[in-house]
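In: Predicted structure and sequence below. I'll ask about it afterward.
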Amino acid sequence: MAFNIIVLAKQVPDTRNVGKDAMKADGTVNRAALPAIFNPEDLNALEQALGIKERFPESKITVLTMGPGRAADILREGLFRGADDGVLLTDRAFAGADTLATSYALSMAVHKIGKYDIIISGRQAIDGDTAQVGPQVAEKLGITQITYAEEILDIANGKIRIKRRLENGVEVVECPLPTVVTVNGSARACRPRNAKLLQKFKHAKTATELQSEDNDYVELYTARPYLNLVEWSVADVNADPVQCGLSGSPTKVKKIENVVFQAKESKRLTDNDAEIDELMRELIESHTIG
Amino acid sequence: MANFYIDTPQFKHYLQHPLMKRIVELRERNYADKDAYDYAPVNFEDAMDSYDKVLEVVGEICGDIIDPNSEAADQQGPTVANGRVTYAVPTQENLDALNKAELMGMGLPRRFGGLNFPMVPYMMSADIVSRADASFQNIWMLQDCGETIYEFADETLKMKYLPRIVKGETMSMDLTEPDAGSDLQAVMLKATYNEEEDQWYLNGVKRFITNGDADIHLVLARSEDGTRDGRGLSMFVYDKKNGGVDVRRIENKMGIKGAPTCELVYKNAKADLVGSRRLGLIKYVMSLMNGARLGIMAQSVGLSEAATREALSYAIDRRQFGKAIIEFAPVYEMLSNMRAKTDASRTILYETCRFVDMYKALEDIARERKLTPEERDEMKYFSRLADAFTPLGKGMTSEYANQNANDSIQVHGGSGYMKDYKCERLYRDARIMNVYEGTTQLQVVAAIRHVTTGTYLQRIKEYEAMPIAPELESFKAILAKMKAQYVEMAELVIAPKNDEYLDFHARRLVESAGHVIMGHLLLQDATAVPEHFKQSAEVYVLYGQSEVAKHYNCIINSRIEDLEKYKPQV
């Protein structure tokens, strides 16, 4: 057996080591002061994908990321750890995307990739913490989703069995393929970069990178085709420009405040609709949302 | 999210040494592997970039996995049951991480799956691993036994074992026996050849074998019946898959507790002969030991780095009498001496690595083609320097590791004596470094002939001819005085032509040469990168000055008759 796996990964500012200059005066993130890293939970997701490939060596892992040109780093990082190839979705028209526009763009890229059995991503990214993109991709593709995954236990007979981490314990669920899986930070940490793969793929570049940088290894890119990283634009994935980027993003940031938590009270809700309605009313009244 | 390579900028300086260009060219045979292996470098810059990037991975694994695991590895330690050893869980985790990163067989050629790294970046990895966990460095560094198989075994054995080492099978070198420690000529483990089966069998006992339940063992055994000295010993490889060797016990040691030290019983264990009979000790072990000594040098440097950092961060945080203790002169003197000794240790480590790299690369080329006369001279030159610097460096860096571990506790005060602080483990771990792979006393035995034959002096003169930054000239002048004292001491000790007298003062002579040499190396480093080395260079020269003066004072006032005063009355 072999599976086509797509890992959705995001390049994020490293918000774990926030210094004094991490925020600009206007309250936005000072990306220049924070190193850009592979979103931590996406690394957990990649490790799950690599685990499947270990069990089913003919499987193929494609890392898919959307971002500016420098997000090609994410593809290289994936290759260094054992992914087979990578796709960078990059276009000015994708810029400013909220989770809706992002999941639309990613789902169009998934269609373009074509064959897939399992799509794996981290539960959420450390810059936005929405945890929406994975589930939205599943919705757009019209396939099942398993969130909060901690370990992919088994794949057999067209079904995948997964251990989920819940607030008060774990549960094991099963669903048919294809599926979207979002992985928790509590899952096994990703393996280190591999010394041989690192040396093999360190010169891998997108066409844009090759055009914009001096490169002493030009002759390598014809001899070693795997060094050419795939780069797709809005047109390449047949996406509707209106649904991409800022124009496709209903989320509008009204104001950003630095909040210092002081209150220690917490409230526990059940899944009762009335209680949730009540909470929403409260939050809207207090202008926390809306 | 620590990275033990990136946070120590000294490494990049040593990686960029001018001699590296020649080393890498030789090692890579002018980059001939580039068409056959997708991970081979295409040119010098590419190779250097690969070393840098791979070391970054090593630094990350050490910072994020091995260092955080070190305390638990020390506390849990390995266990033995039914003749088999199980590593502590954190130790196994470390191995798994390094295996997944394919960091085994770093020095082996690519045709066996290795990374073909020169000694310099390879030992940097050992240095970094050791800072994270010295006991784990023992297990990891034993991959170096593969080097002996590569150098001396036939092609069949190489193909049988080397690719397995690269895939992560562990190794041990089984030399010591209950009655053969420093004196390996006394090895008794018996190797018997069965002609019908065309098979060697091993019987006997080995003791103090680090990682003794390894997958692949190098074994020194007596193959020649009736012999009693080193010329009756041969080298074998034992494959654990064949069975026949059991672990009788593991030692309860003071330090390096994460690494199992085993007593092994060989009962009709099948083994493969490495190279030729009778050359086991006199040729192969000597080469193996030189490699191992370099490994212990790297281990000592890594431990010194850890001890120095622990002490520094404690001294910054700890407040007494209303200020941080780092502000007190006796404390900052200790700290700057620790840093200077650590940097001195590291500079002689990489100088030695370069010498080893140069002669080994040429030696390896000589297996493929005849060397030109110039290349032969070059090989001899560097081989001699490697031979001189290995025991000097191993002796001095392992002593410094102990001094630094000791001072690290001193800076911590009473807290340092508690198991709560890392310096307590470092102290225990350091204590073996000036003992195993030859005690410091035996390093001096190996080094002293380079005092008497002038290898050290010749090299010191070469350093003197190298330009340094003008502001460091006054320190170079101090080194010149130290050299003059060293020369005078050597003449005084050698003149009587009395071996016992030479043995008695040998340590003082070797150490004095070492101070001058490390002083020069640090001045070179400080000239290139003053921001990282200037303080260490100056502090070390001042420290060396007083040490040499002490030895000088001892020797000029010494007489052969004085030896009687020191002999124990028993």
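Out: That came in fine, so what should we check first?
In: The residue of chain A at minimum distance from chain B: what's its closest spatial neighbour, skipping adjacent residues?
Out: Chain A approaches chain B most closely through A:Gln199 (3.8 Å), counting by Cβ to the nearest Cβ. Just so you know, the C-beta spots here come from the backbone N, C-alpha and C atoms, and that holds for glycine as well. Nearest residue to A:Gln199 in three dimensions, chain neighbours excluded: B:Tyr39, at 3.8 Å (Cβ to Cβ, 6 or more residues apart in numbering or on different chains).
In: The one you found falls within a strand, correct?
Out: No - B:Tyr39: not assigned to a strand; according to DSSP: H, G, I helix; E, B strand; the rest coil it is coil.
In: longest single helix anywhere in chain B?
Out: Using DSSP state H, we find that the single longest helix of chain B is helix B:373-412.
In: Tell me which residue of the stretch 1-150 of chain B lies closest to chain A.
Out: Residue nearest to chain A within the stretch 1-150 of chain B: B:Tyr39 (3.8 Å; Cβ to the nearest Cβ).
In: Kindly report the residues of the stretch 51-200 of chain A close to chain B.
Out: For the stretch 51-200 of chain A, the residues in contact with chain B (Cβ under 8 Å from any Cβ of the partner chain) are A:Arg191, A:Pro192, A:Arg193, A:Asn194, A:Ala195, A:Lys196, A:Leu197, A:Leu198, A:Gln199, A:Lys200.
In: Compare those and tell me which is most surrounded.
Out: Greatest neighbour count in these, by other Cβ atoms under 10 Å in any protein chain shown, goes to A:Ala195: 26 neighbours.
In: my guess is it contacts B:Glu102, does it?
Out: Yes - contact status for A:Ala195 versus B:Glu102: in contact at 4.8 Å, counting by Cβ atoms under 8 Å.
In: anything in contact with each of those two?
Out: Jointly contacting A:Ala195 and B:Glu102 under the rule Cβ atoms under 8 Å, 6 or more residues apart in numbering or on different chains are B:Leu115.
In: Could you measure from the closest residue to B:Met338 other than its chain neighbours over to B:Ala344?
Out: For B:Met338, ignoring the flanking residues on the chain, the nearest one in space by Cβ to Cβ, 6+ apart is B:Thr308 at 4.4 Å. Remark: distance between B:Thr308 and B:Ala344 (Cβ to Cβ, to the nearest Å) = 12 Å.
In: so A:Ile52 touches A:Glu151, yeah?
Out: No - counting by Cβ under 8 Å, A:Ile52 does not reach A:Glu151; the two are 11.2 Å apart.
In: For the stretch 201-350 of chain B, just list every one of the strands.
Out: Along the stretch 201-350 of chain B, counting by DSSP state E, counting those that start in this stretch, strands occupy B:216-222, B:233-239, B:245-250, B:261-274, B:319-320, B:323-324.
In: I meant the stretch 1-150 of chain A, not that one.
Out: Along the stretch 1-150 of chain A, counting by DSSP E, counting those that start in this stretch, strands occupy A:4-9, A:11-13, A:36-38, A:60-66, A:85-89, A:118-122, A:144-156.
In: buried stuff in the longest one?
Out: To tie it back to what came earlier, the one meant is strand A:144-156. Neighbour-count burial for strand A:144-156 flags A:Gln145, A:Ile146, A:Thr147, A:Tyr148, A:Ala149, A:Glu150, A:Glu151, A:Ile152, A:Ile155 (criterion: 16 or more other Cβ atoms under 10 Å in any protein chain shown).
In: got any ranges where the stretch 151-290 of chain A has weak pLDDT?
Out: For the stretch 151-290 of chain A, applying pLDDT under 70 flags the ranges A:290.
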